[in-house]
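In: okay, sequence plus prediction incoming.
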Amino acid sequence: MNNSFNQSMSFTHTWVSLIVGWAIFFILVTGTLSFFMYDITRWLEPERPLEVNLVQKPQYEQLDSMFDFLNKESPEAKTWMIKLPHIKNQTPNGASKTEIMVRSSLDWGKYWYFDPYTLEEIKPTQVRQTQGGELFINLHHQFYYIDKYLGIILTGILAFLALVVIVSGVIIHKRIFKDFFTFRANRHRRSWIDIHNISGVLTLPFVIMILYTGLVYYSPYYVTIPYEMIKEKKEERKEAKKALEDNSSLVIMERPTANIKEMLSEAGKKFGVGNIAYIEVGKNITQGLYIDLKPPFGSELTRSQSADTTMRFDGITGEKLEIIDSYTTGTKLFRSLVSLHEAWFASYPLRWLLFICGVMSCIMVATGLNLWVLKRKEKNISFGFRLVEKLNIGVFIGLLVGIAGFFWANRLLPTLMFERDNWEVHILFLVWLWLILYAFVRPVKKAWVESFYMCSFAFGMIPILNFLTTDKHLGITLVQGDFVLAFVDITMLVFALAFTLFAYRLQKKWAINEEKKEVIA
Amino acid sequence: MKTNEKINLFLRVLAATFGMYFLSSVITAFVLVSLEINPEIQEIVEAFKIEFLIGIALILWVFYTKNIVRAWFWIIFMTGKFFALSFWIQKGGVL
């Protein structure tokens, strides 16, 4: 199309990124927040108790008690599932260390929670109506106000195009390593290019991983032809395999009678003491009643059941049983890619690293689109140019203010308000829309600076509102040691500070430029 | 932008969307159907979702190539060829 390969790649990089940039920014911001989805849920439901290391009964006593409960409550289930307190146990209400969570195959949607010390059932806490941190993961993969499946397909198309932008971007950057260390401050457009390059190069492995695994996540929705063609034979193979290893569950469940303490100590030798937190009880034809002891769900990348990830014991005799590795390498690979995207396997430090990579990739997108404007500023005054220039301000900063608005709404809306959870989200979008309109009515430079100040104010106020409206503020969370919750507030303050610095710097720089212009005039 | 250039760009965008979708799908189908003899490897390749990698390469190509009409010819020809081959292999190599 253009004269050289590089030029055509530059063309693709510039124009495809202009098409997908804003939407990808939205997906990246909401996705980055989703790394801490359950922790955000906990912040949004301040009625829940703090997650501090409480005294708890030994694991075997907890399990014995849970078996008694399930035997009474759900004897006809095929499988029982118990999650013991562990920091890596993801539960929908975010309580991982202070509660035992129990479910049965009769109704996977029903959760029972128990106190790990008294072993008594915890009645559901009355919490404010909110969509919680789950909102961000929903916004991330299916948008809002549109059909779920349409949203999934749209995000897929956007992620795919973003991958095209990344690949073409790598091709046009010949000096990856040099860019890595190059930052020329106070050089106007040059400085923006350098920030774009540095954030791009630093987060390159992260961005490729996250976009690609994101595509793999919902791939059956996107490309169907090849899978339809092999579907029939695959089904045949599956049926044949099923017939060969008849492992079907028996319907009548029993309460395990074997010594669970010995099982726990043996499994602890393999997975680490105190690291067993996910227990499944079932019954099949070949092995009878069995108990599976595993580390928290999602700790293993493959999320499969094999001798490496699970230890199986006979529920009556306590003997160690063989685990049939029923997952093929292909399935494990697919699950590993999905795990990489969700980052459940990651410990908190690694999750923070992923969060920082997410923030940097948002910076890369925002600076990239800003560069599009800067490159055309002197020679272009068309409607399209003005539109992009204004939308950059409104979409990027407006979304951040909107998210802060969501957190404000969570604290300020009356707890008994009708459709409160939906209104929290409406406020997010209304604030965003308002910021977009604001960018259109203000001169460009003023819009940038004022939007940044607004953003900083919005984020800075979140911990203060939390302090004024709840008893789960920094003064309590830091003192009592619920650092995960405290870090939500601290992160808001850090963002507020960063936006203030940025706004102040922009304001100062533009003021100096204006002065220079006046002197010259 | 002149009319010729507009048509040229439109053809490229079409090739990068519909052309890319069908060609990458049938190439993937061909690879997967060919691997039917070894289901283990077939599942590994399936999990990698190679259609996305092929798709990216195709998009970059349609925006780079000098002659988009010729590129369209190749896209249609290859799509037909790979579809026919996949179909043929799926039927056991006999017509």
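Out: Structure received.

In: number of residues surrounding the closest residue to residue A:372 other than its chain neighbours?
Out: Using Cβ to Cβ, 6 or more residues apart in numbering or on different chains and skipping residues adjacent in sequence, the residue nearest residue A:372 is residue A:18, 5.9 Å away. Any C-beta I mention is one placed from the backbone N, CA and C, and that applies to glycine too. Neighbour count for residue A:18, taken as other Cβ atoms under 10 Å in any protein chain shown: 15.

In: distance check, residue A:18 against chain B.
Out: Using Cβ to the nearest Cβ, to the nearest Å, we find residue A:18 at a distance of 13 Å from chain B.

In: then residue A:265?
Out: Between residue A:265 and chain B the distance is 37 Å, computed by Cβ to the nearest Cβ.

In: and the helix or strand harbouring residue A:164, what other elements does it pack with?
Out: Per DSSP states H and E, residue A:164 falls inside helix A:148-172. Applying 3 or more Cβ pairs under 8 Å, 6 or more residues apart in numbering or on different chains; DSSP states H and E, we find helix A:148-172 packed against helix A:5-34, helix A:134-142, helix A:204-217, helix A:219-222, helix B:50-64.

In: that older thread, local confidence estimate at the residue nearest to residue A:372?
Out: You'll see residue A:18 listed with a pLDDT of 93.

In: host element of residue A:476?
Out: Counting by DSSP H and E, residue A:476 is part of helix A:474-480.

In: same thing with residue A:80?
Out: With DSSP H and E as criterion, residue A:80 is part of strand A:79-83.

In: and what of residue B:75?
Out: Counting by DSSP H and E, residue B:75 is found in helix B:68-90.

In: next, the angle helix B:50-64 makes with that helix.
Out: Using axes from the mean of the first three to the mean of the last three Cα atoms, to 10 degrees, the inter-axis angle of helix B:68-90 relative to helix B:50-64 is 160 degrees.

In: ok now helix B:68-90, how far from the chain's centre?
Out: With Cα atoms, centre = their mean, to the nearest Å as the basis, helix B:68-90 stands 7 Å off its chain's centre.

In: and chain B, which residues reach chain A?
Out: Within chain B, the positions near chain A by Cβ under 8 Å from any Cβ of the partner chain are B:8, B:12, B:21-22, B:24-26, B:28-29, B:32-33, B:36, B:39-40, B:42-49, B:51-52, B:55-56, B:59-60, B:63-66, B:68, B:86, B:90.

In: and with 6 Å instead?
Out: For chain B, the residues in contact with chain A (Cβ under 6 Å from any Cβ of the partner chain) are B:25, B:28-29, B:32-33, B:39, B:43-44, B:46-47, B:49, B:51-52, B:56, B:59, B:63-64.

In: count of neighbours near the residue in the stretch 51-200 of chain A that chain B sits nearest to?
Out: Nearest residue of the stretch 51-200 of chain A to chain B: residue A:164, at 5.1 Å (Cβ to the nearest Cβ). Residues lying near residue A:164 (other Cβ under 10 Å) number 25.

In: return the residues in contact with it.
Out: A:16, B:56, B:59 (Cβ atoms under 6 Å, 6 or more residues apart in numbering or on different chains).

In: residue A:291 sits in which helix or strand?
Out: strand A:288-294.

In: if we look at the helix or strand following that strand, which residues are touching it?
Out: Using DSSP H and E, the helix or strand that follows strand A:288-294 towards the C-terminus is strand A:311-314. Residues from elsewhere that reach strand A:311-314 (Cβ under 6 Å, 6+ apart): A:263, A:267, A:290-293, A:320-321, A:323.

In: partners of strand A:311-314 in the sheet?
Out: strand A:288-294 (antiparallel), strand A:320-321 (antiparallel) (DSSP bridges).

In: so where's chain B shaky on pLDDT?
Out: Across chain B, the ranges flagged by pLDDT under 70 are B:1, B:94-95.

In: name all residues that make contact with the residue in it positioned nearest to chain A.
Out: Taking Cβ to the nearest Cβ, chain A has its nearest neighbour within chain B at residue B:43, 2.4 Å off. Contact analysis of residue B:43 by Cβ under 6 Å, 6+ apart lists A:328, A:330.

In: buried residues of the helix or strand in which it is found, list them for me.
Out: Here residue B:43, judged by DSSP H and E, is contained in helix B:39-48. Buried residues in helix B:39-48, counted by 16 or more other Cβ atoms under 10 Å in any protein chain shown: B:39, B:42-48.

In: from what I see, residue A:28 and residue A:360 are in contact.
Out: No. The pair residue A:28 / residue A:360 is not scored as a contact, 9.9 Å apart, by Cβ atoms under 6 Å.

In: looking at those two, which one has more neighbours?
Out: Taking other Cβ under 10 Å, residue A:28 and residue A:360 do not tie; residue A:28 has more neighbours (24 against 19).

In: who are the contact partners of that one?
Out: A:361-362.

In: distance check, whichever residue of the stretch 251-400 of chain A sits closest to chain B against residue A:308.
Out: Taking Cβ to the nearest Cβ, chain B has its nearest neighbour within the stretch 251-400 of chain A at residue A:330, 2.4 Å off. From residue A:330 across to residue A:308, the span is 17 Å (Cβ to Cβ, to the nearest Å).

In: out of those two, which sits in the busier spot?
Out: Using other Cβ under 10 Å as the criterion, residue A:330 and residue A:308 rank with residue A:330 on top: 18 against 12.

In: please identify the helix or strand for the more buried one.
Out: Per DSSP H and E: residue A:330 is located in helix A:329-342.

In: what residues does the stretch 301-450 of chain A put near chain B?
Out: Taking Cβ under 6 Å from any Cβ as the contact definition, the stretch 301-450 of chain A meets chain B at A:328-330, A:333-334.

In: weed out the non-buried ones from these.
Out: Among those, those classed as buried by 16+ other Cβ under 10 Å are A:328, A:330, A:333-334.

In: in a markdown table, list those along with distance to residue A:500 and pLDDT.
Out: Shown next, in a markdown table, are those (distance: Cβ to Cβ, whole Å; pLDDT from 0 to 100):
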| residue | distance to residue A:500 | pLDDT |
| --- | --- | --- |
| A:328 | 53 | 86 |
| A:330 | 50 | 90 |
| A:333 | 46 | 93 |
| A:334 | 44 | 93 |
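
In: check these against residue A:52 and report the nearest one.
Out: Nearest to residue A:52 among these: residue A:334, at 37.6 Å, using Cβ to Cβ.

In: now residue A:445. Nearest residue, chain neighbours left out?
Out: Nearest non-adjacent residue to residue A:445, counting by Cβ to Cβ, 6+ apart: residue A:510, 5.3 Å away.

In: how many neighbours does the one you found have?
Out: As a burial measure, residue A:510 scores 14 neighbours (other Cβ under 10 Å).

In: and it, what element?
Out: Here residue A:510, judged by DSSP H and E, is contained in helix A:483-520.

In: residues near residue 78, how many?
Out: Looking at chain A here, since you left the chain open. The tally of other residues near residue A:78 (other Cβ under 10 Å) stands at 18.

In: wrong one, chain B
Out: The burial count for residue B:78: 16, using other Cβ under 10 Å.
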